[in-house]
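Participant: Return atomic coordinates for the entry below.
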Amino acid sequence: MNSVSTNITRVWRRLSRPDIVAIVLTLGGTTAWLLGFNGGIYSFAKYLGLLSAGYLASRAIAWGRNRLLWSLRNRLIVAGLLLAVVPVLLLVVLATLAGQILYSQLGGYLLYDDIHARLVRMADSAASLAAAERTLPSTIPDPAVEEALDAQIHVAYSKELPGLKIEFHADPRRLERIAGSGAKEFTGVVQSAGQMHLIAMRAVESPRGRNVVELSVRVTPDFLETVAPDLGPIQVTALQRAEGDVTNTVPLGGARYRFIERISTRRRTLQPANYWLDPVIVGFSKLDATYLEGGEKAGEKQPVFAAFTARPSVLNGRIFSSLGEFSGSRVFEFELVAVLLLLIQILAVVTGLVLTRAITGTVDQLYGATQHVKEGDLSHRVKIERRDQLGILGESFNLMTGSISSLIEEQKQRQRLENELSIAREVQNQLFPQRMPSVPGVEIEAICRAARMVSGDYYDFIQLSATRIAIAIADISGKGISAALLMASLQAALRSQLLAPGSDTLSTAELVARLNVHLVRNTADDRFATFFIGVYDSETRVLRYTNAGHLPAFCLCGDHAVYLDRGGMVLGVFEDYEFEQGVETVPPNAILIGYSDGLVEPENVYGEEFGITRLRDAALRLNGAPPRVIATGMMQAVEDWAGTPEQADDMTVIVARMR
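Facilitator: Residues are numbered from 1 along each chain as shown. All right, here's what the predicted structure looks like:
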């Protein structure tokens, strides 16, 4: 009892003067309403009481919301419901509406297509009868011909067109009224004398004279029983434009129409539901009918609506008809996935609630811990907007932000540097060949592993013609960004020289000399690069190469290796240096291998380098393998020798098999 009175007292103290006035007015209006006082001041009191009650309700909602959302746990729960549950419900509603639209449109299409198909068959039959009439001689009696043709058509369409009537001598004026003056044929729906017919007419000139053949089927309940068997009950409603002030009309397309005829199936029933989620689909299809009035007035187009009901399970059979007996399995798969997604959603909500409880528990512990951190140079302050639990936590957090501000700034700078290095690595990767050239008889693979974010090693494959390819590998002095920039400069210079007009007659020595001049003039004195380039012609099997201070590439010919070491010194030192070109005739199935010093300098635990000899032996052991396997095997042999995957230098290897 004491706790209740204490709570009432606490609430009363929090009330403002407008709140107290609203309570008094609400009580006065409620009293007048309960006692049944009416008129004058009592009605005004009821009105003020109603407004005051609305004000108090809004205040109560705001108070309850603030009290509910004061806890971080409740805020996260509400946010989770809004972010997870509400969108799912909206998607379910949207999917349901989409399914209703899809199935109703499918049913309307089936109904329209079935009626249209029957009109097409009637038109084909009318054309056949007209053709038969045109070819028969005039000596054959009319009754015999008409009886034979009539029997043939009725046998063919007895089920699809019940009640089909064939008239071999129709009135030509009727054709003109329906289809227009000068028309020779017509196929469609006609309303006349309170009845609706499917009609196909064809005019024909024959030895018997001018004649009009007409096939007609009256739209009756028995006829509708045969239309679109996948649908449930069908009702066809014919409309006619209403002239003047007529009651019981419907607006349609800016005009008003009245109902003139309704035809419904009698024996057809809606299929039973195959499962619990098999609702009733309601839809319609619109047809255009020609309406004939009395006299000689031409027919006018009037709308006809064919409404239907159906089940999605039956329509699914039409959608998946191409799968035959497997159609049900596809629907089952969809339903199974839907159930699984629903279970996943439920699991996600439950998991979110559990995580919310864990997060709020951590926040409570952090809040208690921050109360002990109250010393240090704290210059930064968090902006506090509300006096809730998060606001109090923010005030406590302000006491420690000063001491960690410098660490945050350093972390941002480090992250910025890492991002820049990552971008530089992506740019450098674009400088390497993105796809291997297609030269008959040449298979090429390459692997480059950078010791840091960016590499100072460089390799390239440039197709010069249908049978000629240039293979280059280089090692830039230094590591990191500076080496990568020099590598990009070398790549641009090499491609500009090789792809320039007239480069076909350029020797590898002259090419390397030009690259040397480029580096000398555009780099510092302490920057240089080792470089190897070979130009191979698969037609003549001749390899021209120049080695500028690079580790000698070797060509595996059977069980021995030919080292390619002719050329000169490194690039970027002396401008007027003359390089030498080497020429080798490559035997069939030879393998050219180029590499950087990162593959020969790794040391084992005893301080022994891997060396060129061991690298050559590793390649010889894989001589018969594809280039990719050879390159990977050489890298693996170096790592096994060093005993650690950590690299001290960039590692690059290229393997080219020349069959």
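Participant: Confirm for me that Gly582 is in contact with Val562.
Facilitator: No - using C-beta atoms under 8 Å, Gly582 makes no contact with Val562, being 10.2 Å away. Where C-beta positions appear, they are placed from N, C-alpha and C, glycine not excepted.
Participant: tell me, what's touching the two both at once?
Facilitator: Residues within reach of Gly582 and of Val562 at once, by C-beta atoms under 8 Å, 6 or more residues apart in numbering: there are none.
Participant: domains in this structure, as residue ranges please.
Facilitator: Residue ranges for the domains of the chain, per automatic domain parsing: 2-69, 114-319, 432-658.
Participant: The second one: end-to-end distance?
Facilitator: Between the start and the finish of domain 114-319 there is a gap of 16 Å, counting by C-alpha to C-alpha, to the nearest Å.
Participant: Tell me who's in contact with the nearest residue to Glu167 once chain neighbours are set aside.
Facilitator: Closest residue to Glu167 apart from its sequence neighbours, by C-beta to C-beta, 6 or more residues apart in numbering: Glu214 at 4.5 Å. Glu214 is in contact with 126, 166-167, 170, 174-175, 199-201, counting by C-beta under 8 Å, 6+ apart.
Participant: cutoff 6 Å now
Facilitator: 167, 170, 201 (C-beta atoms under 6 Å, 6 or more residues apart in numbering).
Participant: do the same with Val92
Facilitator: Val92 neighbours (C-beta under 6 Å, 6+ apart): none.
Participant: Now do the same for it: helix, strand or coil?
Facilitator: Under the three-state scheme (DSSP: H, G, I helix; E, B strand; the rest coil), Val92 adopts helix.
Participant: same check, this time on Trp276
Facilitator: The assignment at Trp276 comes out as coil when based on three-state DSSP.
Participant: just the one 3 residues further on next, same as before
Facilitator: For Pro279, the reduced secondary structure class is coil; criterion used: three-state DSSP.
Participant: number of nearby residues for it?
Facilitator: Using other C-beta atoms under 10 Å, Pro279 has 14 neighbouring residues.
Participant: Ok, Glu160 next?
Facilitator: Based on other C-beta under 10 Å, the number of other residues close to Glu160 is 16.
Participant: before we move on, what about Asp171?
Facilitator: Asp171: 12 neighbours (other C-beta under 10 Å).
Participant: Please tell me how far it sits from Ile178.
Facilitator: 10 Å (C-beta to C-beta, to the nearest Å).
Participant: Next: Thr632.
Facilitator: Taking C-beta to C-beta as the measure, Thr632 falls 81 Å from Ile178.
Participant: Next: Ser104.
Facilitator: From Ser104 to Ile178 the distance is 31 Å (C-beta to C-beta).
Participant: repeat for Ile447
Facilitator: Computed as C-beta to C-beta, the Ile447 to Ile178 distance reads 81 Å.
Participant: neighbour-wise, which of those two wins?
Facilitator: Higher neighbour count among Ile447 and Ile178: Ile178, with 19 against 15, using other C-beta under 10 Å.
Participant: Can you give me the buried ones in the helix or strand harbouring that one?
Facilitator: Counting by DSSP states H and E, the element that carries Ile178 is helix 172-179. Neighbour-count burial for helix 172-179, counted by 16 or more other C-beta atoms under 10 Å, picks out 174-179.
Participant: Can you lay out the residues you listed as a markdown table showing pLDDT and distance to Trp33?
Facilitator: Formatted as a markdown table, the entries for the buried residues of helix 172-179 read as follows, by pLDDT from 0 to 100; distance: C-beta to C-beta, whole Å:
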| residue | pLDDT | distance to Trp33 |
| --- | --- | --- |
| Arg174 | 84 | 75 |
| Leu175 | 85 | 77 |
| Glu176 | 84 | 76 |
| Arg177 | 84 | 72 |
| Ile178 | 84 | 71 |
| Ala179 | 84 | 73 |
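Participant: Closest one of these to Asp650?
Facilitator: Using C-beta to C-beta, Ala179 comes nearest to Asp650 of the buried residues of helix 172-179, at 84.8 Å.
Participant: Which residues are in contact with that closest one?
Facilitator: Contacts of Ala179 (C-beta under 6 Å, 6+ apart): Phe186.
Participant: can you offset everything so residue one is 354?
Facilitator: From this message on, residue numbering opens at 354, which makes the last subject Ala532.
Participant: Any chance of the buried residues of helix 525-532 in CSV with distance to Leu904 as columns?
Facilitator: Shown next, in CSV, are the buried residues of helix 525-532 (distance: C-beta to C-beta, whole Å):
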residue, distance to Leu904
Arg527, 100
Leu528, 96
Glu529, 98
Arg530, 99
Ile531, 94
Ala532, 91
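Participant: all helices of the stretch 804-953 of the chain, in order?
Facilitator: Remark: helices assigned in the stretch 804-953 of the chain by DSSP state H, counting those that start in this stretch are 833-851, 861-875.
Participant: Check the stretch 354-503 of the chain too.
Facilitator: Taking DSSP H, counting those that start in this stretch as the test, the helices found in the stretch 354-503 of the chain are 355-367, 370-388, 394-422, 425-433, 439-488, 495-509.
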